[in-house]
Each structure stands twice: as C-alpha cells, then as structure tokens.
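Undergrad: Quick one, what's the 3D model for this:
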Amino acid sequence: MRTLWTYLKKAWHWLTSMRTALALLFVLAIAAIPGTVLPQRSLNAGNVADYIANNGQLAEIYDQLQLFDVFESTWFNSIFMLLTLSLIGCILPRSWEHYKALKTPPTRAPKRLERLPFHATGTIDKPMDQVTRDARQLLKRWKVADYQPNQDRAGKFSLSAERGYARELANLVFHLSLVGMLATIAAGKMIYYEGMVIIVTESGNYETPPIDQSTEFCNTSTANFDSFRAGPVFDGTGLNTFCFDAHDFSADYLRNGQAEMFTSNISYAVGEHILRPKEEWTDYQLQVNHPLRLAGDRVYLMGHGYAPTFTVTWPNGETRTQTIQFGPEDPTFFLSSGAMRFDPPAGMYPEIYERRQQQIAIQGLFAPTAAWGGDNGELLTSAFPAMRDPAVAIDIYRGDAGLDTGRAQSIFELDPTLIASGQLQKIERVNLEQGSDVTLDDGTTITFDGASEFANFQISYDPFQPWVLVTTATMLISLVSSLLIKRRRIWIRLYPGPTDNTTTMEIAGLARTDNAGGGREFDKLHRALFNLPDPDDVAEQTEDDSWFAQSASRN
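TA: Presented below is the predicted three-dimensional model:
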C-alpha cells in the first residue's frame, strides 16, 4: 500500500509539472489536426458519408479511430481532461505562492547598499527622527517595513519599501481566472445542448402559391429539431419553453454574389405567453451575429437555401404538392440538389403493391438564377445567389420510392440501391423553368411552381457561457496588468551624523523587473530626501541667467 501511494504521488507530481502541461498542450494541438483536415459528423454528416463511400477501407479505419468525430472522441477528451488536471495542478500551488508573496513584508536591506544599481549617501542637517518621518511621508504609497539595528544586516536602523505589489495580485487573479475559465468550459460542455432546425419561410417566388406549411418552431422536445446534440449530463428533458414564428427571410448580396447580410423577421413567445394569439407575440429582427437571447437560450440565424415546389397532377385530376429544401452544392451561387417522393392517390390503385409501383420520385438541380451552358445549351448552372430566374434540371422516376419501408431516407438524394435494382426506373429527364410542366407517358403532369427560401436556425443553451466570458476577460486584464505593473524596492539606512542634530543617510534602489523605470523614481526620491533642487529647474535658471548676462552686455 505504501509503494502504491508512493507511485501515485510521483504520478501526480509528474502530471502537475509545467513541463507535462506544455507537452499535453502540444499533443492536444497535434490531435486537433485531423478535425481540421477530415470532414466532421457534427458539422456535416453528409460529407462524412461521401468520404467513406469514396475512400473505402482507409475511411473505415479512420471511422474506427473516431477521426470523423475528433472533438467528441474518447481520446481527444481524455487528452483535454489530462491537460485540465495538469493546469489546475500547476496553477493552484502557484496561486498560493503568489498569495504568500503578496502578504510578505519587504525584505531587509542588504549589508552593502553601494553594490546596488541605484545608490546615494550623504548627511542631512536634521535629527534622525525627523528624517524618518519625512521618509515615511515620501513613501506613503509604498509598502514600508522598518528594521531595528538588531534586525538590520548592517546593525543600523533601516527602512525597506517596496512598490508594485499589485503585480502579485494580478498574477494571483490571472491564475485563478484561468482555473475558472477551464472549470466553466468543462461544466458548460457537460450540460449544454445545441440543435439545428430548417424552416421554409412564407416568402417565395410563385405563379401558384403552394399549400401552407408551418413556419413555427417550439423548443419543447428534442424531436422538433432537425439535428440535435447535447452534453453527457443532459437527458433530453428540461428544455426552456419558447416558440418562434419565422415570417420571412431576405439576403443582401454584393455585385459579385457574396452575401452581405441575412435577415429574418420573427415573432416569439416564452413560457405561458405561447398560448396567446400570435398577434401578441414579440417581434424581433434576427440577423447574423445578432442572436435572440431568451429563456437562457440563444437563437442564431446561421444561413439559408432554397426549397423548390412541385405539383404532381395524376390522370384522375388529383394533385399532390410538396416544398422540400434542396442542399446547396455551390455555396456562392446556390446551385442546389435534392429529391422528392410522391405517393399516388389511394383511389387510383386499390392494390397496395400496385400503388407502390406507381410512386413518383424526382431528383435534380435547382438554380435561383438560371444560366444555361453546354453543347446544346441545356446544362443548368446558377449565375447569382438571389432568386431572379429560377429553374430546375430533374430526372423523374417511377416505381417503389421506398416510402413504405419505414426506413429513414435522405431528403437530398434518392436511394441509389433502388435505382440500381430497377425498383425505380427513370422515365424522363427535363429542364423546367418556373411555371412550366412536363407530361409523362401515362398522362401524369409535373409542374415546377417556384421556390421558397429556407433559413437555418441554431438554438444553443450553455448557462456557463457568461461565466466563461467573465473569467476570460478577467484573465486577460490581469495578465496585461501583471506585465505593465513593475516591482521596485527602496532601502534607506539611517544613523547619527558627525555632529549633533545631523543624520547620515544611505539610500539604494533596485528594480525587480526589466524596464521598471526605477532610475527616475529613485532620483526623484533622492532629491526629495536630501533637499536637492530639480535638475530641470537648475537648467532653466542657468539659461535665464545666461540670457540676462547677454542682454546686460549688449546694453
């Protein structure tokens, strides 16, 4: 047991050494590199799936090593926790040392003051008591301690003064703030949650308006989010209750197509106010970097895209209309891709199997401002991110689209296995402008009605974020203060002069940090103690006397 305790103490001393902390910091920086090189599931799961599909066994090994989830991986969090423990183990003992230094009185004067960088000696026509009082008056803003002859190294009465103790206080606050920042970040990561939701706004470009769809989001269940992640302590309950309704979305662009500002006008209600009519909800203009803060949560406007609307008119006259967001392929001009699936009316095909074989699927591209290229002028691209002349280039399939399988499917692409197996068969490839349609071989008509803009909203909750800000700001302020505040020391040794009512005084100074400015301060104190004139005044008086002498000689 004693041997085990010895090894544990050695391990703790190794972990809490500054050398180990620096090594762990370097290892953490190296470990973060895969997270910047490889796609991450937390940011874009689709890119990760594409990477695995295109890189085979190597990508599968990466996946087993959690390289697509670097910042949520076991090994990365282990390194981070070890670094946190190491820093805390380094910082707390250092904080105690700074506290003790803050409480320690100024050190006794050295025996040989003449060896110090700043030194002066002389005799004053004042008794020693008077000189001591004058010195204390001049040093009233310093931390002063007096030492009797039996305590002084030279066996004489001396005063020790030190200034710049706020440097030690700033060091103490800096170290404690660093611990506080690490603790609040770790606590926030334990209980935070963050979700994304896509809302197709009512604003759009249509010749025939689509069927109304909800533009409201309520923070009442994790199932309401399109994607959601949370800390290990969060159990999915206890969400802060609020709702908001996204009325519109608008984007401002520069001439080159670069986005300048995103804006969404919303109205919101918190708690019991949700039950009130929406006309009584509070209005808010949500913009990038101007989040809505309510009920402890923050609502951010993250980005946008387009949701085309298609209407399928079956031979019996029944219609089905869908508006589904397409994923931007080009982040500049928003050429987007996506897919839709339509189930035929129940009355047309009484047999379930036959009805399943008549499902319609659409997959293709959408351009908000169409530009046509290629050999035949039929290759669709986008010329501008704003919706000025929308068009689509789509493939139309008929067959089993997988709507009845019960399995989740991507909203951005059809299941390639259904196409490869022949369960979905392509029957048409067509380019459609807004309002145009295509008629299939059985009389079914597909119309491209237009498109709406959708907005990405991020809801984040981290109650420790204000404390992280406070501790970080305090840490930076105290760090700057510790660099600007300079420590310096003054020693004054007094003993009776050669005659009565005179005092011999020896004064010396030492700057404990570089560029502390101690020389000028020492000179000022030296002149004040010895009643010497200011050199600037002497130079000015000499200059005046010289001018007076020259004037007299001319006259």
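
Undergrad: And the strands in the stretch 151-300 of the chain?
TA: With strands called from DSSP state E, counting those that start in this stretch, the stretch 151-300 of the chain shows them at 157-163, 193-206, 216-218, 227-230, 242-246, 250-253, 259-270, 282-287, 292-294, 297-313.

Undergrad: Do you have the helices of the stretch 351-500 of the chain handy? List them.
TA: Here the stretch 351-500 of the chain has its helices, by DSSP state H, counting those that start in this stretch, at 352-356, 416-420, 465-484.

Undergrad: looking at the ones you listed, which is buried most?
TA: Greatest average neighbour count among the helices of the stretch 351-500 of the chain goes to helix 465-484 (a mean of 15), per mean count of other CB atoms under 10 Å. Heads up, the C-betas are built off the backbone N, CA and C, glycines and all.

Undergrad: Now do the contacts for the nearest residue to residue 335 once chain neighbours are set aside.
TA: Leaving aside its chain neighbours, residue 335 sits nearest to residue 382 (4.2 Å; criterion: CB to CB, 6 or more residues apart in numbering). By CB atoms under 8 Å, 6 or more residues apart in numbering, the contact set of residue 382 is 330, 333, 334, 335, 367, 368, 369, 370, 371.

Undergrad: and residue 382, bridged to which residues?
TA: Under the criterion DSSP bridges, residue 382 forms beta bridges with residue 370.

Undergrad: From residue 509, how far out is it?
TA: 73 Å (CB to CB, to the nearest Å).

Undergrad: Domain-wise, how is the chain divided?
TA: 2-94, 113-164+486-554, 193-461 (automatic domain parsing).

Undergrad: and stretch 125-134, which residues are buried?
TA: Buried residues in stretch 125-134, counted by 16 or more other CB atoms under 10 Å: 126, 128, 131, 132.

Undergrad: Contacts only, for the closest residue to residue 193 other than its chain neighbours.
TA: Excluding the flanking residues, the one nearest residue 193 by CB to CB, 6+ apart is residue 230, at 3.8 Å. Going by CB under 8 Å, 6+ apart, residue 230 touches 192, 193, 194, 222, 236.

Undergrad: list the contacts for the first one?
TA: Which is residue 192. 230, 231, 234, 460, 461, 462.

Undergrad: are any of those residues buried, and which?
TA: 230, 231, 234, 461, 462.

Undergrad: Residue 486 reaches residue 511, doesn't it?
TA: Yes - here residue 486 reaches residue 511: they are 6.8 Å apart, a contact under CB atoms under 8 Å.

Undergrad: buried sites along stretch 493-502?
TA: 493, 494, 495, 497, 502.

Undergrad: contacts for it?
TA: Contacts to stretch 493-502, defined as CB under 8 Å, 6+ apart, come from residues 109, 113, 123-128, 131-132, 135, 152, 154, 156-159, 503-507.

Undergrad: now for the helices of the stretch 351-500 of the chain, which one comes closest to residue 166?
TA: The closest of the helices of the stretch 351-500 of the chain to residue 166 is helix 465-484. By CB to CB, the value is 6.9 Å.

Undergrad: Which pLDDT value belongs to residue 210?
TA: Looking at residue 210, its pLDDT stands at 51.

Undergrad: Likewise for residue 400?
TA: Predicted confidence (pLDDT) for residue 400: 88.

Undergrad: what mean pLDDT does the strand or helix carrying residue 146 have?
TA: Assigned by DSSP states H and E, residue 146 belongs to strand 143-147. Strand 143-147 shows a mean pLDDT of 90 in the predicted model.

Undergrad: So which elements touch that strand?
TA: strand 157-163 (3 or more CB pairs under 8 Å, 6 or more residues apart in numbering; DSSP states H and E).

Undergrad: List the buried residues for the strand it packs on?
TA: Neighbour-count burial for strand 157-163 flags 157, 158, 159, 160, 161, 162, 163 (criterion: 16+ other CB under 10 Å).

Undergrad: And for stretch 66-79?
TA: Using 16+ other CB under 10 Å as the test for burial, stretch 66-79 gives 66, 67, 68, 69, 70, 73, 76, 79.

Undergrad: Could you list the low-confidence segments of the stretch 351-500 of the chain?
TA: Judged by pLDDT under 70, the stretch 351-500 of the chain has its weakly predicted residues at 406.

Undergrad: Considering the buried residues of stretch 66-79, which is situated nearest to residue 4?
TA: If you rank those by distance to residue 4 using CB to CB, residue 79 comes first, at 25.2 Å.

Undergrad: Might one say that the closest one is in contact with residue 24?
TA: Yes - taking contacts as CB under 8 Å, residue 79 lies within contact range of residue 24: 6.5 Å.

Undergrad: ok, back up a step: mind giving me the ChimeraX select for the contacts of residue 230, buried ones only?
TA: This is how ChimeraX selects the buried members of those, with burial counted by 16+ other CB under 10 Å:
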select :192,193,194
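
Undergrad: how many other residues sit next to residue 169?
TA: Counted with other CB atoms under 10 Å, the neighbours of residue 169 add up to 17.

Undergrad: I meant to write residue 421 there.
TA: 11.

Undergrad: Phi and psi next, for it.
TA: phi -80, psi -10 (degrees, to the nearest 10).

Undergrad: on that earlier part again, which of the strands of the stretch 151-300 of the chain has the lowest mean pLDDT?
TA: Looking at the strands of the stretch 151-300 of the chain, the bottom one is strand 193-206 with a mean of 77.

Undergrad: Now for residue 120: which residues touch it?
TA: With the criterion set at CB under 8 Å, 6+ apart, residue 120 makes contact with 506, 507, 508, 526, 530.

Undergrad: Which entries within these meet the buried criterion?
TA: 506, 507, 508, 526.

Undergrad: Any chance of the residues you listed in TSV with pLDDT, distance to residue 259 and secondary structure as columns?
TA: As requested, these are exported to TSV (pLDDT from 0 to 100; distance: CB to CB, whole Å; DSSP: H, G, I helix; E, B strand; the rest coil):
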residue	pLDDT	distance to residue 259	secondary structure
506	92	72	strand
507	92	67	strand
508	91	66	strand
526	86	65	helix
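
Undergrad: Just the closest of the buried residues of stretch 493-502 to residue 388, please.
TA: residue 493 (87.0 Å).

Undergrad: Show me what the helix or strand where residue 135 lies packs onto, helices and strands only.
TA: Under the criterion DSSP H and E, the helix or strand holding residue 135 is helix 128-138. Helices and strands touching helix 128-138, by 3+ CB pairs under 8 Å, 6+ apart, are strand 157-163, strand 488-496, strand 503-511, helix 518-530.

Undergrad: Return the distance of the longest one from the chain's centre.
TA: Once both centres are worked out by CA atoms, centre = their mean, to the nearest Å, helix 518-530 turns out to sit 49 Å from its chain's centre.

Undergrad: Could I have the CA atoms of it written out in PDB?
TA: This file holds the C-alpha atoms of helix 518-530, laid out as PDB (Å, rounded to 0.1, in the frame of the first residue of the first chain):
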ATOM      1  CA  GLY A 518      13.300  52.800 -11.200                       C
ATOM      2  CA  GLY A 519      16.000  55.200 -12.100                       C
ATOM      3  CA  ARG A 520      13.800  58.200 -12.500                       C
ATOM      4  CA  GLU A 521      11.700  57.300  -9.400                       C
ATOM      5  CA  PHE A 522      14.900  56.800  -7.400                       C
ATOM      6  CA  ASP A 523      16.300  60.200  -8.500                       C
ATOM      7  CA  LYS A 524      13.100  62.000  -7.500                       C
ATOM      8  CA  LEU A 525      13.100  60.300  -4.100                       C
ATOM      9  CA  HIS A 526      16.800  61.000  -3.600                       C
ATOM     10  CA  ARG A 527      16.400  64.700  -4.300                       C
ATOM     11  CA  ALA A 528      13.400  65.000  -2.000                       C
ATOM     12  CA  LEU A 529      15.200  63.300   0.900                       C
ATOM     13  CA  PHE A 530      18.400  65.300   0.500                       C
END
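
Undergrad: So which bits of it are buried?
TA: Buried residues in helix 518-530 (16+ other CB under 10 Å): 518, 521, 522, 523, 525, 526, 529.
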